[in-house]
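**Student:** Compute the structure for the input listed below.
(one chain, ligands or ions: 1)
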Amino acid sequence: MSLNRLGCSGLIVLMCAQLAFPQVPAEKPAGASGLRGFSQEHSRIERDWESKFKAGISRDILRDSMQRLTARPHHVGSAYDKDNAEWILARFKEWGFDAKIETFQVLFPTPKERVVELVAPSRFRAKLQEPIIPQDPTTNQISEQLPTYNAYSIDGDVTAPLVYVNYGNREDYEQLDRMGVSVKGAIVIARYGEGWRGIKPKVAAEHGAVGCIIYSDPRGDGYFNGEEYPKGGWRPQEGVQRGSVMDTDYPGDPLTPGVGATPEAKRLAIRDAKTITKIPVLPISYSDALPLLSALRGPVAPEAWRGSLAITYRMGAGPAKVHLRVMSNWDEKPLYDVIATMRGSEFPDEWVLRGNHHDAWVNGADDPISGMVAVLEEARMLGQLHKQGWNPKRTIVYCAWDGEEPGLLGSTEWVETHLGGLQKHAVAYINSDSNERGFLHASGSHDLERFINDVARDNKDPEKNMSVWTRAHLYRIARATNPEQRDEVRKRNDLRINALGDGSDYTAFLDHAGISALNIGFGGEDEGDQYHSIYDDFHWYTQFVDPKFEYEQALAEVGGVAMMRLADADLLPFEYLATADTLTKYVSDLEKLLKDKQDEIKEKNLELREGVFDATADPTKTSVPPPVEVVPPYMNFAPLKNSLDLLKKSADRYAIALDKAQADGSLTIPQTSLVQLNAELAQMQRLFLNERGLPERPWFKHQVYAPGAYTGYGAKPMAAVREYMDQKKWSEAETQVPMVAEVLANVAAGIDRAAVTLEQALAPSAKAGN
Ligand SMILES: [Zn+2]
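**Tutor:** Numbering: from 1, shown residues only. Take a look at the predicted model:
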């Protein structure tokens, strides 16, 4: 699925530095005297190999690979999806990897019948077809293109009055209530944007709607932003965003939650699969949406709800009446994950993983091939280095996932199948997906925050004479919306990385298996958006996104260097100060959320008593005052804060020991201690798991990182507590506090053990023994 780039800014790494002169950021490479986690000698050797690696990355090869992989539509189950997997397999083998294809069988519905028509007050039938653009050579591959649809929409045939629901999030329905508009028995039309598209039919169904239409308003990714394709890069009037609308209970094959979708796996009946929508859904273009929206009457939509069409946006219900019909082939389709391994020379049982998906909705140049070709180019160069004598100490595993678009299928099924081995051996997983010209963004588990900062400091931006780190840092300052934000960006040594939510193949690794993870990419300077359309192709990408493949090269460099350092480090480069700092912020966010809710509800109740709503309501319009609500009780966050104190102490203790170990810029730890310490560090992220999982989403085991059940894409840190608070279930939320606190205390104890191991390794007796 990949992140809708409209929502991408939230993932952009916060770039921060401690600077005496903020306008002149330090260009000092990370650990100039030696790479963190490397002995002085190994550091020198490593930097030599990194230079060779970067020198070999070829923009021509990146371009050729993209042209080859995007030549035809390659969605799950298509002929070219398999062809691409086999081509990728052959490349990995050619480059010296031990590579294979792992196959799974998954439920993947494809559309059989699709109808959207206005039946009253006038008649109009939606085209539901993206037209060929003559100068774009792959747009005419109609017989191989998946029609415009939302995967995992339930079959249905409904005719009902239409209601416009803005983005279709929960807050939008509160607004509808205030204006006396009900969606009960109606078909809703929502615009794309503001969160995972699967939330729209989910919330609509919860409010009694019988169907859901999602359209692309030009405000989001069309002419509001720039010229439409092919004149410019933005979505044209008949362009449609395909996409999955799977519910948020668990990613992966809807029929095999928690286990790999192997041939012998026990499968749910389709009707029992919780992630299929409750009501039928179809996506449409704005040209198909215009007659529908124009036919709505009822209240004028609030200002924030209005898009860029030349109409008065109204909410309905009706008199527009719509017929919506969706029927799919509910077949199982094969997935082809390509897995390529280069065995570690010293620690073959420690695995460092890297992945990107290869399946697309159609030709998929930006999503996902822009990321895929960078990952492949890394692998090609690592293969070259291997032939020249470079041997990774740890085993490196390159993965090209299938079935990401429908719901992270390939990565999830693979992680579920190999869960035991992964939890024993995996050190970290680094993901990419769509990649564009612009600024580095990284998100991930905070034990890798400092590590990815170091890597970013050591890689050059292709457009400016500075590191990708400095450019991203300065970008953050420019984008800050208030002095406090700017201050925070400048104050910290490292770029703050955001937590991972949902939206690409890292989810199963981090949220289900407890494997430290990063998601990296560039973006922000591309001139257009054709997300999940037939126009996301080579012709478009090479005109409007990254014509010179400079940021493809940059991604390959950052990703490759990160892989090499993780694979070769004497001491795994995890640290925990950023984790402690971020968790502190999460806990104060929870406290602030409670206080804000209390204040908001107190104020609302007061205004109800004062008669504010009654006095200001226009008697000629419908308006319903909000209900009086019980003010949320105070909650006891003390268990979380106590655990946090422990965690801070442990993180400090480990950091002090680590500084000592690298005091003279080189690493001085005896080999036997290193082996034990690395084993402890590699397992640390696992301690965040709770086998019971989140209270209402047991597949999600991680107690800090998870996507929101009603937001998707973005992370909802400490979701066990937070999700209940969002639902105003205060006592349930409070019950979760000690359980999350217990997990954090376990993590603190784990970090303490690592600190003790490191301290003992540094003790004079241990040194003497070396
Ligand atoms: Zn993607």
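
**Student:** Buried residues of stretch 698-707, list them for me.
**Tutor:** Trp699, Phe700, Lys701, His702, Gln703, Val704, Tyr705, Ala706, Pro707 (16 or more other CB atoms under 10 Å). Bear in mind the C-beta positions are built from the backbone N, C-alpha and C, glycine included.

**Student:** and the residues you listed, which two are the farthest apart?
**Tutor:** Taking CB to CB, the two most distant members of the buried residues of stretch 698-707 are Trp699 and Val704; they sit 15.8 Å apart.

**Student:** Tell me which stretches of the stretch 351-500 of the chain form strands.
**Tutor:** For the stretch 351-500 of the chain, the strands defined by DSSP state E, counting those that start in this stretch cover 394-401, 426-431, 438-444.

**Student:** Also compute the angle for the last one relative to strand 426-431, please.
**Tutor:** Taking axes from the mean of the first three to the mean of the last three CA atoms, to 10 degrees, one finds that strand 438-444 is oriented at 150 degrees with respect to strand 426-431.

**Student:** contact partners of strand 438-444?
**Tutor:** With CB atoms under 8 Å, 6 or more residues apart in numbering as the test, strand 438-444 has contacts from 8, 11-13, 452, 456, 468-469, 471-472, 475, 495, 497-500, 506, 510, 516-526, 551, 554, 558, 715.

**Student:** same thing but at 6 Å, please
**Tutor:** Outside strand 438-444, the residues within contact range by CB atoms under 6 Å, 6 or more residues apart in numbering are 11-13, 452, 456, 468, 472, 475, 497-498, 500, 517-525.

**Student:** which residues does whichever residue of the stretch 601-750 of the chain sits closest to the ion contact?
**Tutor:** Of all residues in the stretch 601-750 of the chain, Tyr713 sits closest to the ion, at 12.1 Å by CB to the ion. Contact analysis of Tyr713 by CB under 6 Å, 6+ apart lists Gly7, Gly195, Trp196, Gly501, Asp502, Gly503.

**Student:** Can I get the buried residues of stretch 698-707 in a markdown table including pLDDT?
**Tutor:** Compiled in a markdown table, the buried residues of stretch 698-707 are given as follows (pLDDT from 0 to 100):
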| residue | pLDDT |
| --- | --- |
| Trp699 | 98 |
| Phe700 | 97 |
| Lys701 | 98 |
| His702 | 97 |
| Gln703 | 97 |
| Val704 | 97 |
| Tyr705 | 96 |
| Ala706 | 95 |
| Pro707 | 93 |
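
**Student:** quick one: least confident helix or strand in this structure?
**Tutor:** When the helices and strands of the chain are scored by mean pLDDT, DSSP states H and E, helix 764-769 comes last with a mean of 52.

**Student:** Tell me the bridge partners for the residue of the stretch 201-350 of the chain at minimum distance from the ion.
**Tutor:** Closest residue of the stretch 201-350 of the chain to the ion, CB to the ion: Gly243 (10.3 Å). Residues in a beta bridge with Gly243, per DSSP bridges, are Asn150.

**Student:** Now do it: how many residues are near it, please.
**Tutor:** 26 (other CB atoms under 10 Å).

**Student:** And it, what's its pLDDT?
**Tutor:** We have a pLDDT of 97 for Gly243.

**Student:** wait, doesn't it sit right on His532?
**Tutor:** Yes. With contact defined as CB atoms under 6 Å, Gly243 counts as touching His532 (5.2 Å).

**Student:** Scan this protein for its longest strand.
**Tutor:** strand 316-329 (DSSP state E).

**Student:** Now do it: which elements does it pack against?
**Tutor:** Strand 316-329 makes packing contacts with strand 110-120, strand 156-164 when contacts are defined by 3 or more CB pairs under 6 Å, 6 or more residues apart in numbering; DSSP states H and E.

**Student:** Write out the residues of the stretch 551-700 of the chain neighbouring the ion.
**Tutor:** Residues of the stretch 551-700 of the chain found near the ion (CB under 5 Å from the ion): none.

**Student:** The residue lying closest to the residue of the stretch 601-750 of the chain closest to the ion once chain neighbours are set aside: neighbour count?
**Tutor:** Of all residues not flanking Tyr713 in the chain, Gly503 sits nearest, at 4.8 Å (CB to CB, 6 or more residues apart in numbering). Neighbour count for Gly503, taken as other CB under 10 Å: 26.

**Student:** Name the nearest residue to the residue of the stretch 551-700 of the chain found nearest the ion, ignoring sequence neighbours.
**Tutor:** Closest to the ion within the stretch 551-700 of the chain is Leu555: 13.8 Å, counting by CB to the ion. Leaving aside its chain neighbours, Leu555 sits nearest to Ala374 (3.9 Å; criterion: CB to CB, 6+ apart).

**Student:** The one you found contacts Glu557, doesn't it?
**Tutor:** No. Between Ala374 and Glu557 there is no contact under CB under 6 Å: 8.8 Å.

**Student:** and after the longest strand of the chain, which helix or strand comes next?
**Tutor:** Using DSSP states H and E, the helix or strand that follows strand 316-329 towards the C-terminus is strand 332-342.

**Student:** Touching, Asn150 and Val281? I think so.
**Tutor:** Yes. Asn150 lies in contact with Val281 (CB under 6 Å); the separation is 4.6 Å.

**Student:** Overlap in contacts, those two.
**Tutor:** Shared contacts of Asn150 and Val281, counting by CB under 6 Å, 6+ apart, come down to Val245.

**Student:** okay, the two: which has more neighbours?
**Tutor:** Counted by other CB under 10 Å, Asn150 and Val281 do not tie: Val281 has more neighbours, with 30 against 26.

**Student:** Could I get the phi/psi values of the more buried one?
**Tutor:** phi -140, psi 140 (degrees, to the nearest 10).

**Student:** Let me know the pLDDT of the residue lying closest to it once chain neighbours are set aside.
**Tutor:** Leaving aside its sequence neighbours, Val281 sits nearest to Ser153 (CB to CB, 6+ apart; 4.0 Å). Ser153 carries a pLDDT value of 98.

**Student:** what do you get for Thr711?
**Tutor:** Thr711 is given a pLDDT of 80.

**Student:** Just give the nearest non-adjacent residue to it, would you?
**Tutor:** Gly195 (4.9 Å).

**Student:** Over to Gly712?
**Tutor:** The nearest residue in space to Gly712 (CB to CB, 6+ apart) is Trp196, at 2.2 Å.

**Student:** do the same with Lys604
**Tutor:** Nearest non-adjacent residue to Lys604 (CB to CB, 6+ apart): Pro626, at 5.9 Å.

**Student:** And the residue of the stretch 51-200 of the chain that's closest to the ion?
**Tutor:** Closest point on the stretch 51-200 of the chain to the ion, by CB to the ion, is His75, at 11.9 Å.

**Student:** repeat for the stretch 451-600 of the chain
**Tutor:** Taking CB to the ion, the stretch 451-600 of the chain has Ser504 as its residue nearest the ion, at 6.0 Å.

**Student:** Distance of that residue relative to Met564?
**Tutor:** 22 Å (CB to CB, to the nearest Å).

**Student:** More neighbours: these two, which one.
**Tutor:** Between Ser504 and Met564, counting by other CB under 10 Å, Ser504 is the more crowded of the two (27 against 23).

**Student:** burial of the closest residue to that one other than its chain neighbours, as a residue count?
**Tutor:** Using CB to CB, 6+ apart and skipping the chain neighbours, the partner closest in space to Ser504 is Asp433 (4.4 Å). Neighbours of Asp433 under the rule other CB under 10 Å: 26.

**Student:** Need phi/psi at the residue of the stretch 551-700 of the chain closest to the ion.
**Tutor:** phi -70, psi -40.
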